Structures are given as C-alpha cells and as structure tokens.
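Novice: With the input below, show me the fold.
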Amino acid sequence: MRRIVLLACLVLGITSVFAQGVKPIKRTVVDGMNNYVDLKYLSEDRYTGDIVSPRGDYEMMLSLHVPKTGKGPFPVVFYVHGGAWSDYNKEGGQQIAQELASRGIAYCSLNYMLLPKGVWPQIYWDFHNAARFLRKNADKYNIDPLRFGAYGISAGGWLISLASMPNENYWQTGQTSVLSTSQIQAFKGERIIVKKDEDRLGPYGIFKPIHDPAPAWPGEAGGFSALAWDFSYSAEAGDASSPVVQQWVGQGARAAYAEKLTAAGGHVTYTELTNAKFVGKGVHVPPFYNRGSGPGEADALDLDGKPGKTLGVVMVDFFVRELMTPAARPPSPEIYPIPRIINAPTQVTMVAPRGAEIHYTTDGTAPTEASPVYKEAITVKPGTTVKAITVAPAMSPSGANSAEFLAGKVPPTVTGPETLPDGETGKPYSITFTASVPKGRWQINGDLAYSDFRKNGAAPVYPNGMHFDFDAGTWAGTPTKPGKYWVQIWVAEATGMMAGYRNYNWTVTGKELR
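Specialist: Down below sits the predicted model:
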C-alpha cells in the first residue's frame, strides 16, 4: 500500500510542476572543496532541444566537489534528487558535502532527464553513464574509480534502486513492470500474448533492458558499491552482486523487499529515525540534520543501534564503512552483450573499474579469486551462464554477477532510416520507421516522446506537433518549434515482448510558431 501511495504522489506531482514555471537556479559551491560545476556527463548528441524551457539549461549535468585536504584519490558519493520525475535539480547539499569531505569523500550531485520527455529506461542508463564519465576522468579529478556510492530521495531513490539492484538480466515495461530475461522468455516465448496480458501491460507495453546495451563511455564501469535511500523500486530483484543498501525508516519499520534481497545474498542496513512521528513507518524525504527541520526530527540510531547522531551523520558513517574499510567491495563486473538472448556462439565482454581484476566461470560454479582472470572477450554458446566477481587491492571481493545467455529469438532491431531528414516549422513532416521484423509494436522515447496522462484526466501530449503511430511506426505532424532533438525509437514484435532500439538526432529549422 505504501508503494501505491508514494507512486500516486509522484504522478500527481507532474501536472502541478508544469503549471508553476521554473525559478532561476543558483549553482552550489562548497567551501573547502574543489568545485567542478555543470559537467556534461553524456556525449554531445544528447544535449539537444528541450520543450520545457528554461529547464533544459540544467538537465543532464553533474557537479563534483572534491576535498582540498588529504591525499586522494577520494571515494565519491552521488546525490540523486527527487521531484516526481519532473522537478527539482542537483543544487544544495552543502552540509552533507562538507560532512563527507571531513571524512575524505568527494560529493557528486546529479541532474537527470525529466518528464514529459520519454525517460524510461534512459533515465537509469544515464545514472550509470554519469558514473562511467567520472571513472573515465578519475585521474583528472583525483577520485577513486573503485569506490562509488549514491543516495537518492523519493524519485531519486526509485532511480538508483531500479538502476543498480537488478543485474543486466532484467527488463521493464513502462515505469513499473520488471521481469528477468528468463521470465520473459518462459512467459512470452515467440507468440503474441493473450488479451489478459495486454490489459496488464497496456496496449503498447514492450520490454526494454534496465541496463544500457551500448554505454556512452564504453569500457568504463557504471556500477556502485553502496546505496542509501528513503524509497526504492524493485530492490527485491537484487542479489549478492547488488550494492549494499542503507534504508532510512522510523523505529521498528522494515522494508518489504529486505527479506527477499537478504535471502538472495544482498545486504541491508536500517537506519532508524527516533522521533515519535516516524515510529513504525517508512519515511519520505526525511531531514538529515535537525537545524531548521523541527526539534529532533533528524535524530537517528547509529550503525551500532545507539542514539546521539543525526541521519546525515549516520548516512556518512555508512558510506565510510562501505567505501573505505576492508569490508568495502568494488562493484560487480558488467557482462555484455545485453540482451541475453542469443541464437549462435557469441562473444562476451566484461567491464570492471580500473585497478581491479575480473575472475569468472562459465560452468555454473561460483567464481573465486582462484578462477580464471578475464583478459579478453570469451565466446559462449546458448545455454551458458557466465558468473564473475571483481577483485581489488585492500577490498573484499564483490558479489558474483550471473549472466544467463539463453537460446531464443533475438529482439528485433530498427533498420531505418539511417538518419532523419530535417524538418521545418509550419511544414508537414512524415517518416515511417522500418525494422528487422515485418510487423512490430513501436514506441518513441527521448525529447519528443508522446505522453499520455489520460488516466489522470489530462489530455495526451504531442510535443512539437508530432504524432506517433504505435502500430505503423509512422511519425508525422507539423513542427512548431525549431531546434535539435534527440529521438529514440523502439520496436518489439508484439505487446509484452522484448524490444530493440535506435537513437536519432532531428533538426528543425524555421521560426517558432505560436
């Protein structure tokens, strides 16, 4: 019931945000730290138009704050903000940043793509791509690529949990339904699903991988060692390869996912807020420090279950323990390709942070430090399960990631067009996409995604005058706003089946039409 109520809060927040407008944004600078503000963490083709101006001036940026004192390289903790997927930004957090710096940890605050753009699953991919960007530039910023953590509030907790707890075997439809590759294959096979399944998934519900099949920074790891949150989604899909979790709750409250995650080899630490208003409850957007938040609202039990600290301090204690002590684990290896459905011998590659080794098996046994060291791509046949761990100096081994390469029908691909012809405002535009299957179920993501809020009484949104035909794969309309836009096209054979995608950039010339 709590998940349903919080999801309703997220959804109801969307329309109110669009009506309020956007206030000017003051960038955060933290005293005593080297401040690297508004770094672009994605490739240039992602920094395109925005239909909700001026919000676009701070989307898909991160700011990094690195301690000035101490030798480094420093571990990093990311902050991922909330806001119903449609509001707020990375700014603020000075007190937690300074708390982390005093313990020798850098602080990164992250912006991400917001509604009404088509955000899922790209929003999860971008979170990991931000980590890849910092690892790619670790020497430049004096940070440790082996020791990354993150905390998320509300929608930010949902984002980091669904991005990081399930491994690369998992797929989702829309915002919510999550299944593993083996579940989808066993449940759907190669047939068109029956009517009751279409009702459950929605008429255009097609499955997309939660993990990025083609990362923005190839060869760099996107994983995290530890996560903290007030709210999560699909954390029960985690296992021993998942990050260690800190959940913030009222005294006596426990998360629904915890028993299943623990049974699968995952680790959960509860930090209980002791104020009477939280007893026996989950907490949502709790205060981290008492100043300005009411008497004692941030008081919490420490990692040993003793009172006397605030939530902000205990959270930093958690990251110190999970990133800086011998108990710290590097992220588990990433295993490619994604998806895991193959129909012939296939090359498999693995990625871990620089400074670590990958040890793996292909016979179904658990890998250890005595298992073969990954040095180059390996070839596997359908039916093979690859398991791998990350081993790094002065750290405990990661949990084992398990990649099931199942025999089956590979998801279709978008075959054309190669590029999108330019459009011009005021002039009709139409293009039909093609796929590797004769007939498919289509979907559009990105800057100009179709948004349907009809279930909440609102009208559908057709951004920039463009309509998408989900059955024919035709995108047509008369654009009204010039600019450069990022467009992502998906196709599956039928509702409830796995999809493939292709990214495009679309340029519209002319004058803006009112």
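
Novice: Report the strands that pair with the helix or strand containing Ile389, each with its relative direction.
Specialist: Assessed by DSSP states H and E, Ile389 sits inside strand 384-391. If you go by DSSP bridges, strand 384-391 pairs up with strand 357-361 (antiparallel), strand 401-407 (antiparallel).

Novice: what mean pLDDT does it have?
Specialist: If you average the pLDDT over strand 384-391, you get 98.

Novice: How far off centre is it?
Specialist: 22 Å (CA atoms, centre = their mean, to the nearest Å).

Novice: And for stretch 261-274?
Specialist: On CA atoms, centre = their mean, the centre of stretch 261-274 falls 21 Å from that of its chain.

Novice: where does the stretch 251-400 of the chain dip in pLDDT?
Specialist: Filtered on pLDDT under 70, the stretch 251-400 of the chain yields the residue ranges 292-294.

Novice: And the strands in it, which stretches?
Specialist: 268-273, 299-300, 309-310, 334-336, 341-342, 346-351, 357-361, 378-380, 384-391 (DSSP state E, counting those that start in this stretch).

Novice: quick check: mean pLDDT across stretch 141-156?
Specialist: Mean predicted lDDT for stretch 141-156 stands at 98.

Novice: try stretch 501-509
Specialist: 97.

Novice: pretty sure Ala300 contacts Val316?
Specialist: No - Ala300 lies out of contact with Val316 (CB atoms under 8 Å); the separation is 11.7 Å. Every C-beta, even on glycine, is put in place using the N, C-alpha and C of the backbone.

Novice: Settle it for me: which of those two has more neighbours?
Specialist: Ala300 (26 against 23; other CB atoms under 10 Å).

Novice: what pLDDT does Glu418 get?
Specialist: 98.

Novice: One more: Asp45?
Specialist: 92.

Novice: That one: what secondary structure?
Specialist: helix (DSSP: H, G, I helix; E, B strand; the rest coil).

Novice: Give me the nearest residue to it, chain neighbours excluded.
Specialist: Asn505 (5.5 Å; CB to CB, 6 or more residues apart in numbering).

Novice: Isn't the one you found up against Val487?
Specialist: Yes - applying CB under 8 Å as the test, Asn505 and Val487 come out as touching, 7.3 Å apart.

Novice: Find residues that contact each of these two.
Specialist: Common neighbours of Asn505 and Val487 (criterion: CB atoms under 8 Å, 6 or more residues apart in numbering): Leu420.

Novice: More neighbours: which of these two?
Specialist: Val487 (21 against 17).

Novice: I'd say that one and Ile444 touch.
Specialist: Yes - using CB under 8 Å, Val487 makes contact with Ile444 at a distance of 6.8 Å.

Novice: quick revisit: now what about the helix or strand that contains the residue nearest to Asp45, what contacts it?
Specialist: Using DSSP H and E, Asn505 sits in strand 499-509. For strand 499-509, contacts defined as CB under 8 Å, 6+ apart pick out 45, 48-49, 206-208, 411-414, 419-420, 422-425, 435-436, 441, 443, 445-446, 448, 464, 479, 481-492.

Novice: which residues touch the most centrally placed residue in the chain?
Specialist: Per CA atoms, centre = their mean, the C-alpha nearest to the average position across the chain is that of Tyr124, at 2.1 Å. By CB under 8 Å, 6+ apart, the contact list for Tyr124 reads Leu159, Leu162, Ala163, Ile210, His211.

Novice: For it, give me the backbone phi and psi.
Specialist: phi -80, psi -40 (degrees, to the nearest 10).

Novice: Tell me the secondary structure at the nearest residue to it once chain neighbours are set aside.
Specialist: Of all residues not flanking Tyr124 in the chain, Ala163 sits nearest, at 3.8 Å (CB to CB, 6+ apart). Here Ala163 is recorded as helix under three-state DSSP.

Novice: Quick one: residues contacting Ala163.
Specialist: Neighbour list for Ala163: Tyr124, Trp125, Phe127, His128, Ile210 [criterion: CB under 8 Å, 6+ apart].

Novice: neighbours around the second one, how many?
Specialist: The number of residues packed around Trp125, counting by other CB under 10 Å, is 23.

Novice: So it sits against His211, correct?
Specialist: Yes - using CB under 8 Å, Trp125 makes contact with His211 at a distance of 7.3 Å.

Novice: shaky segments in the stretch 101-250 of the chain?
Specialist: The low-confidence ranges in the stretch 101-250 of the chain, as defined by pLDDT under 70, are 187-201, 203.

Novice: and this structure, what are its domains?
Specialist: As assigned by automatic domain parsing, the chain contains the domains 2-168+222-324, 174-209+411-514, 334-407.

Novice: tell me the most buried of these?
Specialist: domain 2-168+222-324 (a mean of 19; mean count of other CB atoms under 10 Å).

Novice: circling back: redo the strands paired with strand 384-391 as a markdown table? Include distance to Pro337.
Specialist: Shown next, in a markdown table, are these (distance: least, CB to CB, whole Å):
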| stretch | distance to Pro337 |
| --- | --- |
| strand 357-361 | 15 |
| strand 401-407 | 9 |
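
Novice: For Gln246, find the nearest of these.
Specialist: Nearest of those to Gln246, taken as CB to CB: strand 401-407 at 21.5 Å.

Novice: Run the angle between the closest one and strand 346-351 for me.
Specialist: Angle of strand 401-407 versus strand 346-351, following axes from the mean of the first three to the mean of the last three CA atoms, to 10 degrees, is 160 degrees.

Novice: after strand 401-407 comes which helix or strand?
Specialist: strand 414-416.

Novice: Is Lys481 in a helix, a strand, or coil?
Specialist: coil.

Novice: Hmm, Asn464 and it touching each other?
Specialist: Yes - Lys481 lies in contact with Asn464 (CB under 8 Å); the separation is 5.3 Å.

Novice: picking up where we left off before, can the domains of the chain go into JSON lines with extra columns for distance to Pro215?
Specialist: Formatted as JSON lines, the domains of the chain follow (distance: least, CB to CB, whole Å):
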{"stretch": "domain 2-168+222-324", "distance to Pro215": "6"}
{"stretch": "domain 174-209+411-514", "distance to Pro215": "12"}
{"stretch": "domain 334-407", "distance to Pro215": "8"}
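
Novice: Give me the nearest residue to Gly83, chain neighbours excluded.
Specialist: Nearest one to Gly83, counting by CB to CB, 6+ apart, is Ala155 at 5.9 Å.

Novice: dump the residue contacts of that neighbour.
Specialist: Listed by CB under 8 Å, 6+ apart, the contact partners of Ala155 are Leu10, His81, Gly82, Gly83, Ala84, Trp85, Phe231.

Novice: before we move on, what about Ala476?
Specialist: With CB under 8 Å, 6+ apart, Ala476 has these contacts: Pro428, Tyr429, Ser430, Ile431, Met466, His467, Asp469.

Novice: Not counting sequence-adjacent ones, nearest residue to the second one?
Specialist: Just to be clear, that refers to Tyr429. Gly423 (4.4 Å).

Novice: And for the fifth one?
Specialist: Excluding the flanking residues, the one nearest Met466 by CB to CB, 6+ apart is Gly477, at 3.9 Å.
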